[in-house]
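>>> just coords:
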């Protein structure tokens, strides 16, 4: 089935370690997005990519890095520079134009201890 | 980017219509209104979107005012499974790469 997959669903890491969250889509979408959600809050944009080998910072990019080497994949690395990494992370993809909906993965809940 | 204003929370009786309002008074002429919902601890789910005309699909109806400064999402017969946070989003035009900017949404509670 076509869709967007995030893995793992739950992730635990020690403070000071980098961690990479996976996001894969087989929808042939050009655009992919990473959002962060804290309890009781809306989604905040971390990074987005409109095309392979190109990506742009969102509102809260500090402490995060991404790559877009393949159309299907947009991994997010949470680095040790991110002050409060514990959060719910959501990946999305879309065809890329304003008149089309975005599809979201089921999220990865990262806990840093 | 245009911003949206939604009530923090709303209640609705099961089987009745749920009408969720959204204000987007600074919307530009080529920006779309999108609605998503998020059930606890899941990814947001697309509901419907529109530009000028009212839209209807199997999930909901979207009513956009003539001046486009506000809209209403209508769930015609709300069920307990419709309990979720509903986000009204104005999607920026293609020149700004179509990002989705989320606010805090409206927490809809459907009660038996």
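Here it is on my side, so go on. Remember, it's a predicted structure, so these values are computed and weren't measured experimentally.
>>> give me every residue that touches residue A:104.
Going by CB atoms under 8 Å, 6 or more residues apart in numbering or on different chains, residue A:104 touches A:4, A:90, A:91, A:92, B:43, B:44, B:45. The way it works is simple: take the backbone N, C-alpha and C, and place the C-beta from them, glycine included.
>>> which residues pair with the last one across the strands?
Spelled out, it's residue B:45. Under the criterion DSSP bridges, residue B:45 forms beta bridges with residue B:37.
>>> next one: the third one
Here residue A:91 sits in beta bridges with residue A:34, going by DSSP bridges.
>>> Quick one, grab the pLDDT at it.
Looking at residue A:91, its pLDDT reads 96.
>>> count of neighbours near it?
27 (other CB atoms under 10 Å in any protein chain shown).
>>> and it, what does it touch?
By CB under 8 Å, 6+ apart, the contact set of residue A:91 is A:4, A:6, A:21, A:23, A:32-35, A:74, A:76, A:104-105, A:107.
>>> Can you tell me which of the contacts of residue A:104 is closest to residue A:111?
residue A:90 (15.7 Å; CB to CB).
>>> just to revisit the earlier point, and which of the contacts of residue A:91 is nearest chain B?
Nearest to chain B among these, counting by CB to the nearest CB, is residue A:104 at 3.4 Å.
>>> returning to that earlier point: farthest pair within the contacts of residue A:104?
A:91 and B:45 (14.4 Å).
>>> picking that back up, may I see the contacts of residue A:91 organised as JSON lines, with secondary structure and pLDDT added?
Listed next are the contacts of residue A:91 as JSON lines, based on DSSP: H, G, I helix; E, B strand; the rest coil; pLDDT from 0 to 100:
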{"residue": "A:4", "secondary structure": "strand", "pLDDT": "95"}
{"residue": "A:6", "secondary structure": "strand", "pLDDT": "96"}
{"residue": "A:21", "secondary structure": "strand", "pLDDT": "96"}
{"residue": "A:23", "secondary structure": "strand", "pLDDT": "97"}
{"residue": "A:32", "secondary structure": "strand", "pLDDT": "92"}
{"residue": "A:33", "secondary structure": "strand", "pLDDT": "92"}
{"residue": "A:34", "secondary structure": "strand", "pLDDT": "95"}
{"residue": "A:35", "secondary structure": "strand", "pLDDT": "94"}
{"residue": "A:74", "secondary structure": "coil", "pLDDT": "97"}
{"residue": "A:76", "secondary structure": "strand", "pLDDT": "97"}
{"residue": "A:104", "secondary structure": "strand", "pLDDT": "94"}
{"residue": "A:105", "secondary structure": "coil", "pLDDT": "95"}
{"residue": "A:107", "secondary structure": "coil", "pLDDT": "96"}
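>>> need the contact list for the closest residue to residue A:53 other than its chain neighbours.
Of all residues beyond its chain neighbours, the one nearest residue A:53 is residue A:68 (6.1 Å), with distances taken as CB to CB, 6 or more residues apart in numbering or on different chains. By CB under 8 Å, 6+ apart, residue A:68 lies in contact with A:32, A:49, A:51, A:52, A:53, A:54, A:55, A:74.
>>> Just the buried subset of those residues, please.
Among the contacts of residue A:68, those buried by neighbour count (16 or more other CB atoms under 10 Å in any protein chain shown) are A:32, A:49, A:55, A:74.
>>> check contacts around the third one.
Shown in contact with residue A:55 (CB under 8 Å, 6+ apart): A:47, A:48, A:49, A:66, A:67, A:68, A:74.
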